[in-house]
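Participant: Quick one, fold the following:
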Amino acid sequence: MPTIDEMYPIPCAFCRISEAYPNETTTNVPLSPDPESVDPQCHLILSTPLVLAFLDIMPISPGHILLTTRKHYRTLGDLYPASNQTWSSRREAEEARDASRALGEWLPIVSRALCKVTGIEDWNVVQNNGERAAQVVPHIHFHLIPRYQEGREETQRNGRTDWGTLKSWKMFGRGSREDLDDDEGKELAKKLRDAIREEIESPVPTSKL
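Facilitator: Alright, predicted model coming up:
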């Protein structure tokens, strides 16, 4: 059986989040998670036994979400063992397969919630494997990035330019990203949790993909 250190490598930012926000037995959508349970703050929107979702702290656009596995896997290749790979136990292999399935099941649900809350019709789902592929945190995760309508006027929010409505932005451009405002993140995360809750409680999808 893996140790705590093996399951949650301390240097990994996402493992710290996983450890700070254990799955609630009654719901996969936390009611009121404390953003200050980790530093920097984490605006959690989903917490299941297998996956987590939260707002990116340096969003490319407002509503930028990260969906990740609760257990530490570095890349997609770690989720399914190669045929000649020796696993320490069948249970670990089954956990990896379950985590892979959970990612696939939650991606459309979180996507619909994102579209509903932000009003966007277009978005990117991006997944990077390795440093050369722009993977910053060595823990498998998917980016859900809203694409706002081009040509909208720039607006001011709290004295700052609403950079989410700018005419264009680069997918991975460092200069195009700003730190997430904690107050805005808290408000947005609540809306996303409510939307996810509606999605999973509805017998049919409540919004179009």
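Participant: can you map out the strands along the chain?
Facilitator: 44-47, 51-55, 65-69, 122-127, 141-147, 156-157, 160-161 (DSSP state E).
Participant: Run through the neighbouring helices and strands of the fourth one.
Facilitator: In terms of contacts (3 or more C-beta pairs under 8 Å, 6 or more residues apart in numbering; DSSP states H and E), strand 122-127 is packed against helix 90-118, strand 141-147. C-beta coordinates here come from the backbone N, C-alpha and C atoms, glycine included.
Participant: low-confidence ranges in the chain?
Facilitator: Scanning the chain for pLDDT under 70 picks out the ranges 1-10, 81-89, 150-176, 203-209.
Participant: Can you spell out which residues form a bridge with the residue nearest the centre of the chain?
Facilitator: Taking C-alpha atoms, centre = their mean as the criterion, L66 is the residue nearest the geometric centre of the chain, at 1.9 Å. Here L66 sits in beta bridges with F54, H143, going by DSSP bridges.
Participant: give me every residue that touches it.
Facilitator: F14, A53, F54, L55, D56, H141, F142, H143, L144 (C-beta atoms under 8 Å, 6 or more residues apart in numbering).
Participant: Kindly report the same for I45.
Facilitator: Counting by C-beta under 8 Å, 6+ apart, I45 has contacts V29, A53, F54, L55, I65, V110, A113, A189, L192, R193, I196.
Participant: Of those residues, which pair is most distant in space?
Facilitator: V29 and L55 (14.5 Å; C-beta to C-beta).
Participant: on that earlier part again, redo the strands of the chain as JSON lines? Include distance to L103.
Facilitator: Shown next, in JSON lines, are the strands of the chain (distance: least, C-beta to C-beta, whole Å):
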{"stretch": "strand 44-47", "distance to L103": "11"}
{"stretch": "strand 51-55", "distance to L103": "6"}
{"stretch": "strand 65-69", "distance to L103": "7"}
{"stretch": "strand 122-127", "distance to L103": "9"}
{"stretch": "strand 141-147", "distance to L103": "7"}
{"stretch": "strand 156-157", "distance to L103": "33"}
{"stretch": "strand 160-161", "distance to L103": "34"}
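Participant: Just tell me which of those ends up closest to R101.
Facilitator: Among the strands of the chain, strand 51-55 sits nearest to R101 (C-beta to C-beta), with 10.0 Å.
Participant: related to what we said a few turns ago, most surrounded residue in the contacts of L66?
Facilitator: Neighbour tally across the contacts of L66 (other C-beta atoms under 10 Å): the maximum, 29 neighbours, falls on A53.
Participant: tally of neighbours for the closest residue in space to that one that isn't next to it in sequence?
Facilitator: In space, and not counting its chain neighbours, A53 is closest to L46: 3.7 Å by C-beta to C-beta, 6 or more residues apart in numbering. Using other C-beta under 10 Å, L46 has 24 other residues around it.
Participant: swap in C42?
Facilitator: Neighbour tally, C42, other C-beta under 10 Å: 25.
Participant: wait, what's in contact with it?
Facilitator: C42 sits in contact with I17, A20, Y21, P33, P35, F54, L55, I57, where contact means C-beta under 8 Å, 6+ apart.
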